[in-house]
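Asks: Give me a 3D structure for the following:
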Amino acid sequence: MSVFSVDPKAGNPVTSAVLDEVCKSLGVKLKHDEHEDYRKLLAVFDESARELMEMDDYVPATDLTRFPRNDVCHTGASDNTHGAWAWRCSIRDTQPNAGILAGKTTCLKDMISVKNVPMLMGTEFVSGYTPNMDATVVTRILEAGGHITGKAVCENLCHSATSHSSSTGTVENPHAKGYSAGGSSSGSGVLNFWSHTIHWLWQQRAHKRPSRTNDSTVLDNALLLQAIAGTDNIDDRSFAAPHRSNIPKYHDLLQVLDEPKRLSGIKIGIITESLEVPVLDPRVRDCFSNAAEGFRKLGATVEEVSIPIHKKGSTIWTGVSKTGGYLTKLHGGAGRRGHVMHELNSLFAEALNDPAKWDKAYVATKNIYINGAYAEERYPALLAKATNLSRKLRDAYDTALQSYDVLITPTLPYVATSHPAKDASPLEQIKKQVGLTSNTCQFNQTGHPVLAMPIGMLPPLEGPGVGKEDVKLPVGMQVIGRWWEEAMVLRLGYAWELEHDWKSMDA
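Replies: You can find the predicted model right below:
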């Protein structure tokens, strides 16, 4: 350890009683003849800590002259019929800009930091937070010519896979009101749907491509990825990513896929265990199988591959998400390189000690605190073991991807459920999403690039739409690629999309 002094200054607040309280919290005792030595060491640490807290914080500059924040406001109910907008604003480059996103508008999930635009995070557990800096993706969108028009509602602290938990109210499925729009990016999903019908989010510009009505999603995804991808030299998770100058031209690479048998030579592996999820709706399995057959017709080889640890993915993810989520809320990203929004962490600390705030916390938020505190006491090695098993999980997919160009699974095992009642108990709320992430949470841990795309429509099995011929809900497929091979994932998604009208497909 590094110690720069052993002589506390006069008036230092660390007394023997303070040291005793610290030792009591640790469950340890000091020998009598050591006590004063450790008091002095704690006292000089306190002096160092107070000196650091008195220093001016470092917040990376945001260019408000070039990218001014205009028209920051709530959306009226008449313009927010599905509850998807959190805030509206207008942010764009004031300098001439012919970047790759010029002419396009975008809305950001309300967990992304935008300076001077309040961030609701879908919760009342913490409130009143307005970021003091732009996230990297915000800067990159604006520098590429994009126009940011607002923030989309996210689920309560992103702790729900269904769309009833946000403090701003229920987010309605655009295909059928009364049903979940998914989570945690519920508002983003809804606004993205509307963007392709009335152009709220992505205003189309001329592309040389087939004149199908459903061919824009993967292309626009590729274009946005091209604008925002690459290390920012801030977040240590991005340090191994390619430099921005080496990012593939994802959008342009898709334009060569118009020839027949465009996937000839491509090998696709269906993860066998993804079809053995206990809650998998047989109709979803059939719809997925039809979609996989579409790849065969495009010239690809498609076969099943067993990855047994896939079934344990949810257990591994639970160990990380519950314990890690608890510790992050208490302390922030300890040991990480990047930028910590410590003002936000302070709000979480205050909220945890405020009974009124605690009562407003969503069921999943309370559950994370309770699970995490329990694990810290009863299973202190849980997070470490889950972290190691996450690596084992990644290695298993990597091994399969040595034989296959991509892997595919159903995205969710069943179509959107109806919303729980307003007075639903904690268990009744959670039951609406049991098993929902059985095939998706694994890749939150492994970091593989995944494209989730719609492949068909099915009628609901419960809720207000049952028996109504015009009510159908989307089914999805995941395309999973090797690390840094997003181009291959996009290629397969786009090739499938060109040949299929998913809205007319079912089991």
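
Asks: going forward, measure contacts between C-alpha atoms and count neighbours the same way
Replies: Fine.

Asks: ok, Leu382 - how many residues close by?
Replies: 18 (other C-alpha atoms under 10 Å).

Asks: now swap in Thr318 and tell me
Replies: Neighbour count for Thr318, taken as other C-alpha under 10 Å: 18.

Asks: Got the phi and psi for it?
Replies: In terms of degrees, to the nearest 10, the main-chain angles of Thr318 are phi -60, psi -40.

Asks: mind checking pLDDT for it?
Replies: Per-residue confidence at Thr318 stands at 91 (pLDDT).

Asks: Equivalent analysis for Pro8, please.
Replies: According to the prediction, Pro8 has pLDDT 92.

Asks: Give me the nearest residue to it, chain neighbours excluded.
Replies: Spatial nearest neighbour of Pro8, excluding adjacent residues (C-alpha to C-alpha, 6 or more residues apart in numbering): Val44 at 5.3 Å.

Asks: Could you identify the helix or strand that succeeds the helix or strand harbouring that neighbour?
Replies: Assigned by DSSP states H and E, Val44 belongs to helix 35-54. Note on helix 35-54: by DSSP H and E, the next helix or strand toward the C-terminus is strand 69-73.

Asks: and that following strand, which residues are buried?
Replies: Judged by neighbour count (16 or more other C-alpha atoms under 10 Å), strand 69-73 contains these buried residues: 69, 72.

Asks: Parallel or antiparallel, list what pairs with the helix or strand just after that strand.
Replies: On the C-terminal side of strand 69-73, the nearest following helix or strand under DSSP H and E is strand 85-91. Sheet pairing for strand 85-91, assigned by DSSP bridges, gives strand 69-73 (antiparallel), strand 147-152 (antiparallel).

Asks: pull the CA atoms of strand 85-91 into PDB?
Replies: Coordinates of each C-alpha in strand 85-91 appear next as PDB, following Å, rounded to 0.1, in the frame of the first residue of the first chain:
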ATOM      1  CA  TRP A  85     -41.800   9.600 -25.200                       C
ATOM      2  CA  ALA A  86     -40.000  10.600 -22.000                       C
ATOM      3  CA  TRP A  87     -38.800  14.000 -23.200                       C
ATOM      4  CA  ARG A  88     -38.700  15.900 -26.400                       C
ATOM      5  CA  CYS A  89     -35.900  18.100 -27.500                       C
ATOM      6  CA  SER A  90     -34.100  19.300 -30.600                       C
ATOM      7  CA  ILE A  91     -30.300  18.900 -30.800                       C
END
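
Asks: ok, and what's touching it?
Replies: Counting contacts by C-alpha atoms under 8 Å, 6 or more residues apart in numbering, the residues outside strand 85-91 that touch it are 67-75, 110, 117-118, 120, 142, 147-153, 168, 187.

Asks: make it 6 Å
Replies: By C-alpha atoms under 6 Å, 6 or more residues apart in numbering, the list of residues contacting strand 85-91 from outside reads 69-74, 147-153.

Asks: Which is the succeeding secondary structure element to that strand?
Replies: Strand 85-91 is succeeded, C-terminally, by strand 105-109 (DSSP H and E).

Asks: Check whether the residue nearest to Pro8 really touches Lys9, as I assumed.
Replies: No. Taking contact to mean C-alpha atoms under 6 Å, the distance of 8.0 Å between Val44 and Lys9 leaves them out of contact.

Asks: In terms of neighbours, single out the busier of these two.
Replies: In terms of neighbours (other C-alpha under 10 Å), Val44 is the more surrounded of Val44 and Lys9; the figures are 21 against 11.

Asks: Report the separation between the more buried one and Asp57.
Replies: Separation of Val44 from Asp57 (C-alpha to C-alpha, to the nearest Å): 22 Å.

Asks: With Trp483 instead?
Replies: When distances are taken as C-alpha to C-alpha, Trp483 and Asp57 turn out to be 35 Å apart.

Asks: Neighbour count for these two, which is higher?
Replies: The neighbour count for Trp483 versus Asp57, taken as other C-alpha under 10 Å, is higher for Trp483 (14 against 9).

Asks: In space, what's closest to the more buried one - neighbours in sequence excluded?
Replies: Residue nearest to Trp483 in three dimensions, not counting chain neighbours: His448, with 5.3 Å by C-alpha to C-alpha, 6+ apart.

Asks: what does His74 give?
Replies: Excluding the flanking residues, the one nearest His74 by C-alpha to C-alpha, 6+ apart is Trp87, at 4.9 Å.

Asks: Now do the same for that neighbour: its pLDDT.
Replies: Value for Trp87, per-residue pLDDT: 95.

Asks: Could you do the one 5 residues further on as well?
Replies: On pLDDT, Arg92 comes in at 97.

Asks: what's around the nearest residue to it once chain neighbours are set aside, how many residues?
Replies: The shortest distance from Arg92 to any non-neighbouring residue, by C-alpha to C-alpha, 6+ apart, is to His147 (4.8 Å). Using other C-alpha under 10 Å as the criterion, His147 is surrounded by 24 other residues.

Asks: Go ahead and confirm His147 touches Thr105.
Replies: Yes. Between His147 and Thr105 there is a contact at 4.5 Å, judged by C-alpha under 6 Å.

Asks: C-alpha coordinates for stretch 174-194, PDB please?
Replies: As requested, the backbone C-alpha atoms of stretch 174-194 are provided in PDB (Å, rounded to 0.1, in the frame of the first residue of the first chain):
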ATOM      1  CA  PRO A 174     -47.800  -0.600 -31.100                       C
ATOM      2  CA  HIS A 175     -49.400  -3.800 -32.600                       C
ATOM      3  CA  ALA A 176     -52.000  -4.100 -29.900                       C
ATOM      4  CA  LYS A 177     -52.700  -1.900 -26.900                       C
ATOM      5  CA  GLY A 178     -53.000  -3.800 -23.600                       C
ATOM      6  CA  TYR A 179     -49.900  -5.800 -24.300                       C
ATOM      7  CA  SER A 180     -46.300  -5.400 -23.400                       C
ATOM      8  CA  ALA A 181     -43.900  -3.500 -25.700                       C
ATOM      9  CA  GLY A 182     -41.000  -5.400 -24.200                       C
ATOM     10  CA  GLY A 183     -38.200  -4.000 -22.000                       C
ATOM     11  CA  SER A 184     -36.100  -2.500 -20.900                       C
ATOM     12  CA  SER A 185     -36.100  -0.300 -24.100                       C
ATOM     13  CA  SER A 186     -39.900  -0.300 -24.300                       C
ATOM     14  CA  GLY A 187     -40.300   3.300 -25.600                       C
ATOM     15  CA  SER A 188     -37.500   2.900 -28.100                       C
ATOM     16  CA  GLY A 189     -39.200  -0.200 -29.600                       C
ATOM     17  CA  VAL A 190     -42.500   1.600 -29.900                       C
ATOM     18  CA  LEU A 191     -41.000   4.700 -31.500                       C
ATOM     19  CA  ASN A 192     -38.900   2.600 -33.900                       C
ATOM     20  CA  PHE A 193     -42.100   0.900 -35.100                       C
ATOM     21  CA  TRP A 194     -43.800   4.200 -35.700                       C
END
